[in-house]
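Engineer: Return a 3D structure for these sequence lines:
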Amino acid sequence: MPQGRRTGALTVLLLASTLAVMAGSVISPVIELIREDLGLSGTAIGVVVTAHAAVIAVTSPFIGRLIDLWGVRVPLALGLLVYGVAGGAGLMTSTYTALIASRIVFGLGAAAVFAGTTVAMLQMFSGPERDRVMGWRSSANSFGGLLWPLLGGLSGGLSWHGPFALYLLGLPLGVVALWTLPRTPSPVVERGQGGPAALFRKSPTLVGFYGLQAAASVFLYATVVFLPQRLADLGVHQPVVVALYSVVITAAVGSLVGLFYAGLRSKMSHGALLRLAALAWTGAFLVLGTVDHPWILLAGPALLGVGQGLSLPTLTVLINDRAPTELRGQAVSLAGTVIFGGQFLSPLLLGPLIGATSSTTGFLAAATFGALLTVVLLLARISSPEK
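Structural biologist: Residues are numbered from 1 along each chain as shown. I've put the predicted structure just below:
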């Protein structure tokens, strides 16, 4: 593959990697405007934000099956096109029914984008170069978590329809992906040999890695959902400051860690990086559950960013290396089910405890779980042979 085309493909993949992150966050600044304009309840508007995540969680295994059968190029390109068309449909929708229908179709495109970008990067790069690219992907995800909500807020100042225009980026990226990505389909899975059952039967250790991905997702959304309540208890109410604590600091630190990931990986094993991530998660929630000074409390989301920046590329590589070659598309796609399922479950797991006690108690419970994960990882032997 010519170097120029290879660079173009990597650029497309990194840009596309930010799209899964922006899927819900780009419209978050205008949620209240949509609710008021369409006369929606709090539950109904919540569905607008989460509908795509539910679709991603449910359809990711099917998307992975398509990638294993057809290769990554066509499913990813089609996913980007669906992402652009269905996401951009919000520019013209004026009813709740039409908006929800577009978000459901949009979720299909987002599922293909999430799985396709990951599989394509893992197929195109190997060794130290793959570690570097995975670090860049982690940084791209975190950077997207900063950039797209900001642009969504700016465009939302004109109309609540404005942020939906940002989804149209998927259209040119889909066309460019068709031209730049190599035509190298994955090995075809024999009839009856695919599916999650076959995947776990051949690689049972994947269960542990998916469990860690779910934990990382639960930890992340625990701060997104419940940190504003903790800040309110400390007298911090300004939306900009709340966003700094609950989103910006974690994303910025995660992006920075991603840039240095390749250097860390050259000196540390995958197991050591996961142990460090678990320690960072534990420290983050210890801070959030015990510190009462707002400035010192910033250490909590910063440590969470360290954990996220280390765990995302590490677990992505481990899942790829442990999965059979003919099932890698499904292995990566199941990660989408786990990640977005964890986002959905996070408030359900911690919400009742926090509602019955306090946000500090919920954060300390998360810290305890992080400590247990650290102990398990210290006892576990994690190896990742290249395939």
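
Engineer: got a list of what residue 210 touches?
Structural biologist: 319, 334-335, 338 (Cβ atoms under 8 Å, 6 or more residues apart in numbering). For the C-beta atoms, the positions are set from N, CA and C on the backbone; glycine is no exception.

Engineer: mind checking pLDDT for it?
Structural biologist: Residue 210 is assigned 95 on the pLDDT scale.

Engineer: now residue 2
Structural biologist: 60.

Engineer: Check residue 109 too.
Structural biologist: Looking at residue 109, the pLDDT reads 95.

Engineer: now do residue 240
Structural biologist: For residue 240, the model assigns a pLDDT of 68.

Engineer: Please apply the same query to residue 42.
Structural biologist: Taking residue 42 on its own, its pLDDT is 64.

Engineer: same thing with residue 195?
Structural biologist: Value for residue 195, per-residue pLDDT: 66.

Engineer: Then residue 384?
Structural biologist: 55.

Engineer: Next: residue 123.
Structural biologist: At residue 123, pLDDT is 85.

Engineer: helix or strand right after the helix or strand of the chain with the lowest mean pLDDT?
Structural biologist: The weakest-scoring helix or strand in the chain, judged by mean pLDDT, DSSP states H and E, is helix 239-243 (a mean of 72). Counting by DSSP states H and E, the element after helix 239-243 in chain order, helix or strand, is helix 249-259.

Engineer: just checking, what packs against that next one?
Structural biologist: When contacts are defined as 3 or more Cβ pairs under 8 Å, 6 or more residues apart in numbering; DSSP states H and E, helix 249-259 packs onto helix 127-156, helix 299-322.

Engineer: Might you list the low-confidence residue ranges for the stretch 201-350 of the chain?
Structural biologist: Where the stretch 201-350 of the chain drops to pLDDT under 70, the residues are 239-240.

Engineer: Show me how far stretch 367-379 is from its chain's centre.
Structural biologist: Here stretch 367-379 is found 22 Å from its chain centre; the criterion is Cα atoms, centre = their mean, to the nearest Å.

Engineer: Show me what that stretch is in contact with.
Structural biologist: Contacts for stretch 367-379 (Cβ under 8 Å, 6+ apart): 212, 215, 219, 271, 274-275, 278-279, 281-286, 289.

Engineer: buried ones in that stretch?
Structural biologist: 367, 369-371, 373-374, 377 (16 or more other Cβ atoms under 10 Å).

Engineer: now the helices: where do they sit in the stretch 51-200 of the chain?
Structural biologist: 73-88, 96-124, 127-156, 170-180, 196-202 (DSSP state H, counting those that start in this stretch).

Engineer: among the contacts of stretch 367-379, which two are most distant?
Structural biologist: Maximum pairwise distance in the contacts of stretch 367-379, criterion Cβ to Cβ, is 27.1 Å, between 271 and 289.

Engineer: Skip the chain neighbours and tell me the closest residue to residue 323.
Structural biologist: Counting by Cβ to Cβ, 6 or more residues apart in numbering, residue 331 is the residue found nearest to residue 323 once chain neighbours are left out, at 3.5 Å.

Engineer: Tell me how far the helix or strand containing the one you found lies from the chain's centre.
Structural biologist: Element membership of residue 331 [criterion: DSSP H and E] is helix 328-356. Put simply, helix 328-356 sits 11 Å off its chain's centre (Cα atoms, centre = their mean).

Engineer: next one: stretch 96-110
Structural biologist: Worked out by Cα atoms, centre = their mean, stretch 96-110 lies 19 Å from the chain centre.

Engineer: got the contact list for it?
Structural biologist: Contacts of stretch 96-110 (Cβ under 8 Å, 6+ apart): 19-20, 23, 34, 38, 40, 44, 47-48, 51-56, 59, 63, 78-87, 89-90, 93, 167, 170.

Engineer: Stretch 266-277 too?
Structural biologist: Here stretch 266-277 has contacts from 128, 131, 212, 216, 264-265, 306-308, 310-311, 314-315, 317-318, 374, 377-378, 380-384, using Cβ under 8 Å, 6+ apart.

Engineer: When you filter those residues down to buried only, what's left?
Structural biologist: 131, 212, 216, 264-265, 306-308, 310-311, 314-315, 317-318, 374, 377, 382, 384.

Engineer: Mind listing what's buried along stretch 111-120?
Structural biologist: Here stretch 111-120 shows 111-120 as buried, counting by 16+ other Cβ under 10 Å.

Engineer: typo on my end, stretch 223-238
Structural biologist: Buried residues in stretch 223-238 (16+ other Cβ under 10 Å): 223-228, 230-231, 236.

Engineer: Likewise for stretch 201-209?
Structural biologist: Neighbour count says stretch 201-209 has 203, 206, 208-209 buried, by 16+ other Cβ under 10 Å.

Engineer: In terms of distance to residue 298, which of those ranks first?
Structural biologist: residue 209 (30.3 Å).

Engineer: so which helix or strand takes in the closest one?
Structural biologist: Counting by DSSP H and E, residue 209 is found in helix 206-233.

Engineer: Please identify the most buried of the helices and strands packed on helix 249-259.
Structural biologist: Using mean count of other Cβ atoms under 10 Å, the stretch among the helices and strands packed on helix 249-259 with the greatest mean number of neighbours is helix 299-322 (a mean of 25).
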